[in-house]
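Novice: only geometry, no sequence info:
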C-alpha cells in the first residue's frame, strides 16, 4: 500500500479530530491511515475525478467514510472539523478555500509551489498558521497546520516561513533555497536580480539565526 513521509505527516496532524474532509482525496490513503490509527472517527472523501474516487471507495470499503464526486467544498453537506488540501498548486488551493471562507474548521495544507502566495492569502483572509513542517520525500514539501484567527507576518516570514518547526530537514531546506536563489541571481539582471537577492538574503538571515 502506498505510504510515504508526506502522507504520514498529514496523518499525524489529524490526531484528535472527529471528522476529516480530504479534498482531492486521490486513492484515500490519508483517511485510511488516520482511521486505522484511530486519529479520527470519520472521513469525508471528495475528488473531482471519478477514477481516483472509485479507487478510494474500494480502499475504504467498510470504513466510516462518505464520498463525493465534486469540486472542492461544493456539494459537501455534512459537518467536519478538519480539512485536508494537499498535492495541489497554491492557486488551486486558494481557489478551493475561497469557495467557503465562512468555514470555521481547521486546515492541513500541503501546496507544491509558490508558498509565499499561500502565506499571504492566509494572513489576509482570517487564518493563523499554527505551524509549518518541512518534509523531505525526494523533494521538499511544506505542511501547514492552520486555524481561524488573526496574524501578522513580515515580508521575510512570507518567503521563509512562519512558526516553522526547526529541525535538520528545515536546515537542509533553507540551504537548498539559498542555493536556488543564488542561481537565479546569477542568471538575471536589473529588477529581477534585485528581487532575488532580497529573497536570498532573507534565507541567509534565517540560516544565521538558526546557527546562533
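Specialist: Ah, there it is. None of these values were measured; they are calculated from a predicted model. Numbering: from 1, shown residues only.
Novice: from here on, just use CA atoms for contacts and neighbour counts.
Specialist: Noted.
Novice: which residues of the protein fall in strands?
Specialist: Per DSSP state E, the chain has strands spanning 19-23, 42-47, 65-69, 82-86, 106-110, 127-137, 139-148. These are given in chain order.
Novice: can you lay out the ones you listed as JSON lines showing mean pLDDT?
Specialist: Formatted as JSON lines, these follow (pLDDT from 0 to 100):
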{"stretch": "strand 19-23", "mean pLDDT": "98"}
{"stretch": "strand 42-47", "mean pLDDT": "97"}
{"stretch": "strand 65-69", "mean pLDDT": "97"}
{"stretch": "strand 82-86", "mean pLDDT": "98"}
{"stretch": "strand 106-110", "mean pLDDT": "98"}
{"stretch": "strand 127-137", "mean pLDDT": "96"}
{"stretch": "strand 139-148", "mean pLDDT": "97"}
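Novice: of all these, which one is nearest residue 6?
Specialist: Ranking the strands of the chain by proximity to residue 6 (C-alpha to C-alpha) places strand 127-137 first, at 6.6 Å.
Novice: what is the closest one packed up against?
Specialist: Packed against strand 127-137 by the contact rule (3 or more C-alpha pairs under 8 Å, 6 or more residues apart in numbering; DSSP states H and E) you find helix 5-13, strand 139-148, helix 168-187.
Novice: again, only using 10 Å
Specialist: Using 3 or more C-alpha pairs under 10 Å, 6 or more residues apart in numbering; DSSP states H and E as the contact test, the elements touching strand 127-137 are helix 5-13, strand 106-110, helix 115-124, strand 139-148, helix 168-187.
Novice: give me the contact list for the first one.
Specialist: When contacts are taken as C-alpha atoms under 10 Å, 6 or more residues apart in numbering, the neighbours of helix 5-13 outside the stretch itself are 29-35, 37, 39-40, 82, 84-87, 107-110, 133-138, 140-145.
Novice: which among those residues count as buried?
Specialist: 29-35, 39-40, 82, 84-87, 107-110, 133-135, 141-145 (16 or more other C-alpha atoms under 10 Å).
Novice: what about the strands of the chain, which gets the closest to residue 166?
Specialist: Using C-alpha to C-alpha as the measure, strand 127-137 is the one of these that comes nearest residue 166, at 8.1 Å.
Novice: quick one: distance of the closest one to the chain centre.
Specialist: 7 Å (C-alpha atoms, centre = their mean, to the nearest Å).
Novice: now swap in stretch 30-47 and tell me
Specialist: Mean C-alpha position of stretch 30-47 versus that of the full chain (C-alpha atoms, centre = their mean) differs by 17 Å.
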